[in-house]
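build the 3D model from these lines:
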Amino acid sequence: MHSMREKTQDERDLLERARSLVPALKARTAQADKDLKVPVESVLELQSAGLLRALQPRAFGGYEVDPRTFFEIQTILAEGCMSTAWIYGVMGVHPWQLARYPIEAQREVWADDHSALICSTYMPAARVTVVEGGYRISGRWGFSSGSEHCQWVFLGGILPPDGDMPAEHGTFLLPRSDYQIEHNWDVMGLRGTGSHDIVVEDVFVPAHRVQRTNNCTLEATPGRLVNSNPIYAIPFAQVFSRAVSTSALGALQGAINEFRDNAARHIGKHGARTAEDPVAQTAVAEAMITVDSLRLVLERNYEHLMSLARAGEYPDTETRLLYRYQSAYVTNICAERANDLLRSMAASGLYNTNPVARLFRDLHQARGHIANNYMAYGRSYGAVLLGLPNPDPYV
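You can find the predicted model right below:
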């Protein structure tokens, strides 16, 4: 990703380490798909390289990098293995969210282990009861990516009204001892993400481990009084949504790399060279300009979000909806471009061992995430453009 800004030495080092991991991640893709889990050694390498602490506060061993660097790391990893890049995006963005929690919660997670990992599932499935000092919750949540590698979980639920605070989405932080993982992830693509169900039965969650997810005030995000880097002032939806779409950029780049290598040497049974096929030429050119365009939009959007955060300003509704829509659009258009590449490989491209076919499956699986429902977010943005009220309470 070509940046419009000067990176710090820490950022350059992290990007270099990410690039060095790509061959090993690529070599483990089949194993990840077979095991329905990114190999433990891959996660250990991400941790050893410091990549999972990219957005973590410096007070707890992190780097506090610009989000653009975090997402560039994710795209690099996806060139090797989209499942690894997907769980990197999810597990790697959670230190950013925890940094906004009360300091007591941060210490519980990181005081003894700066490498502790958090998984999540934000669907508002919690049955919530207000009790003295906090809440009791129960429920079942789906799609918790990377859950087998983590020691904590963020879970979604609707917090009841509290004084002047209306009922709204909340995120509950629980330790591994308070929830069960139900292994039920067996799907078409992103198989290595191990996005299993989480089950909780009547567990107490103290108030300091609960956050009003989309409330960006200092009252709701008191960790920002301690962690004052402006990266922690960006609205939640503008950060997490990109964590589950940006791996598609790297995956499409990986598919382009594989396609170019294959096309340069492939000669069909009837003597036709793929490299000379006008359909193949158009497909790879379209894929390349798609990656380039989407990267430029991401870079521009975060330049704006960071400038607002530095100034202590909050993006307006139209901007938030536009950026949300653009994030959701990424997986859709990347999947379409992967379609074109795979179609240009004809019958020889259909084997499961073909890396482009694997990335095709991964990209189409990524489209299914609720945060990547580009049509819904497009309608919300369009409604506001046409003078109607914002219909999306989570943006």
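
what phi and what psi does the backbone show at residue 161?
Here is the backbone geometry of residue 161 (degrees, to the nearest 10): phi -60, psi 140.

contacting residues for the nearest residue to it once chain neighbours are set aside?
For residue 161, ignoring the flanking residues on the chain, the nearest one in space by CB to CB, 6 or more residues apart in numbering is residue 167 at 5.0 Å. Glycine gets a C-beta too; all of them are placed from N, C-alpha and C. Residues in contact with residue 167 (CB atoms under 8 Å, 6 or more residues apart in numbering) are 158, 159, 160, 161.

how about the helices in the stretch 1-150 of the chain?
9-27, 29-35, 40-48, 67-80, 82-98, 103-110 (DSSP state H, counting those that start in this stretch).

what about the residue nearest to residue 161, distance to residue 394?
13 Å (CB to CB, to the nearest Å).

what does residue 202 give?
Distance from residue 202 to residue 394, by CB to CB: 27 Å.

between those two, which one's more packed in?
residue 394 (16 against 9; other CB atoms under 10 Å).

tell me how far that one lies from residue 241.
From residue 394 across to residue 241, the span is 9 Å (CB to CB).

now residue 177
30 Å.

between those two, which is the more surrounded one?
residue 241 (26 against 7).

what residues does that one make contact with?
Residue 241 neighbours (CB under 8 Å, 6+ apart): 324, 327, 328, 371.

next, count neighbours for the first one.
Neighbours of residue 324 under the rule other CB under 10 Å: 25.

that one sits in which helix or strand?
helix 317-343 (DSSP states H and E).

then the following helix or strand past that helix to PDB, C-alphas only?
Sequence order places helix 355-367 as the next helix or strand after helix 317-343, per DSSP H and E. Extracted C-alpha coordinates of helix 355-367, given in PDB (Å, rounded to 0.1, in the frame of the first residue of the first chain):
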ATOM      1  CA  PRO A 355      -4.700 -21.000  -4.700                       C
ATOM      2  CA  VAL A 356      -6.900 -18.700  -6.800                       C
ATOM      3  CA  ALA A 357      -9.900 -21.100  -6.100                       C
ATOM      4  CA  ARG A 358      -9.200 -21.000  -2.400                       C
ATOM      5  CA  LEU A 359      -9.100 -17.200  -2.400                       C
ATOM      6  CA  PHE A 360     -12.300 -17.200  -4.400                       C
ATOM      7  CA  ARG A 361     -14.000 -19.200  -1.700                       C
ATOM      8  CA  ASP A 362     -12.500 -17.100   1.100                       C
ATOM      9  CA  LEU A 363     -13.600 -13.800  -0.600                       C
ATOM     10  CA  HIS A 364     -17.200 -15.100  -1.100                       C
ATOM     11  CA  GLN A 365     -17.300 -16.200   2.500                       C
ATOM     12  CA  ALA A 366     -16.100 -12.700   3.700                       C
ATOM     13  CA  ARG A 367     -19.100 -11.200   1.800                       C
END
